[in-house]
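# this one's structure only:
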């Protein structure tokens, strides 16, 4: 009786269409006189991984129930409501959404045995079409596989070889038997000469030769006494109560009359294709038994197999590898990616580099991604044991992601370096220049002076706009408020032309020491992208002007309020740059913003009278890019030549 309920439910739905047909027409809704008129064509549905949608879950609530039936009816009649998953709605996978999908959906909800797999179209493989059957949570071919070139078995031994051509035996060397019962394959040939459990083998893409455990799941699903997971299925020999009966095709069209107990309640439709004997090359047991390989190898000479026999209600679990057996395919892409393992967390590591400890994939390729943290670099993103470098006192999260054609797996690891002073440039801890010692700091791949430049002869700017630094062979500087002590703390203030030593070449040495230069606009972008925790170097964020980045300015500013005005927002100096608020001097001779802003020249002209600058703010963690008149006087930082 329960198997008639889906048909009754479906008929009620169809009758409801007829009842409301006139109402639908009156409201401008689609006419339902025929399937083609009420069907919504689904052109070019994307091929998505199976986990990206749930078949028949058309209302996208994570469940498949009567609400999905109602949603589908409303969609067909009125084109709504939303949300609506068109791929999940084409339950019978024929490219249309219509009444047939509703019937299929009802059958799915009622768990009618033997129905095709939802949202899986029949599969064409090697010129033959295979239908599917849903059994529990599994999707199987309903027919034995029949692919390859027939070879004759006229002697014993393994005649199928690794020659790039799929070869099959047909029972009795008769091609017609392959058309009915499928081909017979030695295990190595069926696996295409790989030994990985779950291999695709001679099955089509997104299908594979079932594992021993997948056979166990099938057996536990169809048996009326021993469920999935019962220790019964771990035994060898004949097992279960009636799993064999429920997997075999009924009747005697292909089976001998001893097949009386067969029910095929699962829809598996197991056939008695017999076997090809390795020892003498002869064929045995057509119409008596069906023999099937799994992809689970026990040793070089044994792989798990299953037997169906017309005289046995049970199903057999044995070990074979050389005989010619039938093959059934089960849905599932291969190879699935290896489970990613990013290794143990590494916390408070001394220094600023370490070796990563990801696992080497058996299947798929791996890649490291930096999820969070400032200034980190993976030397070789494809190596599971690559070196990783970062900044002292910074915590990082990295992911190790392994991807194959079937999807991806991912794991994360936390890495942090012990707090400490920023690292000087290798081999160049200090620079002596014009009687003053400058410290260096390595930030990413760049080597910077850690202090603002303070070189040259101080000239007084008392408000006379005609007092300028000139091309007289002497480096000249202003000191904030004309106080020499401010140059000692904050560095000198230089008009652009004086800083550049009256050349206009980007990256010019200018007033920097030999082997160093005034940075370009692009080099400041590298600095900003290195220290910002959200926007990397190549992010379009750095192409804009104004306040940019999330916290690059904070990570460049000296901490505290010894030199910066309160609140010195976001200042961490994680980079070691130790940016200071030296203010600026206008061409009019006025001084502005000591303690509030630090302004730094680049060598890049915006206009013949304006050059790009960077400035840091006391009340912001961003870093500003703007252009200022070349007659104004600002701070200078020097960058090591490459």
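Arrived safely. Keep in mind the model is a prediction, meaning the values are calculated, not measured.
# Tell me the gap between the helix or strand hosting residue 554 and the middle of its chain.
Counting by DSSP states H and E, the element that carries residue 554 is helix 552-556. Centroid separation for helix 552-556 versus its chain: 31 Å, with C-alpha atoms, centre = their mean, to the nearest Å.
# Residues touching that helix, excluding its own?
Here helix 552-556 makes contact (C-beta atoms under 8 Å, 6 or more residues apart in numbering) with 374, 527-529, 531-533, 535, 569-575, 577, 579, 616-617, 620-624. Where you see a C-beta, it was placed from the backbone N, CA and C, and this is true even at glycine.
# tell me the mean pLDDT over that helix?
For helix 552-556, mean pLDDT rounds to 94.
# List buried residues within the contacts of helix 552-556.
Buried members of those, scored by 16 or more other C-beta atoms under 10 Å, are 374, 527-529, 531-533, 535, 569-575, 577, 579, 616-617, 620-624.
# list the contacts for residue 436?
Applying C-beta under 8 Å, 6+ apart, the residues contacting residue 436 are 454, 455.
# That one and residue 425, how far apart?
17 Å (C-beta to C-beta, to the nearest Å).
# Likewise for residue 243?
Counting by C-beta to C-beta, the gap from residue 243 to residue 425 is 72 Å.
# Compare these two (neighbour count), which wins?
Neighbours were tallied for residue 243 and for residue 425 using other C-beta atoms under 10 Å; the higher tally belongs to residue 243 (29 against 19).
# if I read this right, that one contacts residue 215, doesn't it?
No: when contacts are counted by C-beta atoms under 8 Å, residue 243 is not listed as touching residue 215 (10.1 Å).
# For this structure, which segments count as helices?
Assigned by DSSP state H, the chain shows helices spanning 5-26, 35-38, 66-78, 86-89, 99-109, 175-181, 187-190, 212-222, 243-247, 484-490, 496-499, 521-531, 552-556.
# residues near residue 580, how many?
Residues near residue 580, counting by other C-beta under 10 Å: 22.
# Who are the contact partners of it?
Counted by C-beta under 8 Å, 6+ apart, residue 580 has contacts 452, 489, 490, 491, 558, 563, 564, 598, 635.
# Show me how to select, in PyMOL, the buried members of those.
Those of the contacts of residue 580 that count as buried under 16+ other C-beta under 10 Å are selected in PyMOL with:
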select buried, resi 452+489+490+491+558+563+564+598+635
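# quick one: which of the contacts of residue 580 is nearest residue 219?
residue 558 (71.3 Å; C-beta to C-beta).
# Which residue is the nearest non-sequential neighbour of that closest one?
residue 578 (4.7 Å; C-beta to C-beta, 6 or more residues apart in numbering).
# was I right about the one you found contacting residue 451?
Yes: contact criterion C-beta under 8 Å: residue 578 and residue 451 qualify, at 7.3 Å.
# neighbour-wise, which of those two wins?
Neighbour totals were compared for residue 578 and residue 451, and residue 451 leads with 21 against 18 (other C-beta under 10 Å).
# residues in contact with the more buried one?
Neighbours of residue 451 in contact, by C-beta under 8 Å, 6+ apart: 438, 439, 491, 578.
# quick one: which of these is nearest residue 125?
Residue 125 lies nearest to residue 578 out of those, by C-beta to C-beta, at 67.0 Å.
# mind listing what the closest one touches?
Contact partners of residue 578, counting by C-beta under 8 Å, 6+ apart, are 441, 450, 451, 557, 558.
# all strands in the stretch 201-350 of the chain, in order from the N-terminus.
207-208, 237-239, 275-276, 283-284, 289-299, 302-309, 315-320, 330-331, 346-349 (DSSP state E, counting those that start in this stretch).
# a markdown table for the ones you listed, including mean neighbour count?
Shown next, in a markdown table, are the strands of the stretch 201-350 of the chain (neighbours: other C-beta atoms under 10 Å):
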| stretch | mean neighbour count |
| --- | --- |
| strand 207-208 | 26 |
| strand 237-239 | 15 |
| strand 275-276 | 26 |
| strand 283-284 | 17 |
| strand 289-299 | 22 |
| strand 302-309 | 23 |
| strand 315-320 | 19 |
| strand 330-331 | 20 |
| strand 346-349 | 14 |
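# of all the ones you listed, which lies closest to residue 226?
strand 237-239 (7.7 Å).
# Give me the helices and strands touching the closest one, please.
The contact analysis (3 or more C-beta pairs under 8 Å, 6 or more residues apart in numbering; DSSP states H and E) places strand 237-239 against strand 315-320.
# what angle separates the strand it packs on from helix 212-222?
170 degrees (axes from the mean of the first three to the mean of the last three C-alpha atoms, to 10 degrees).
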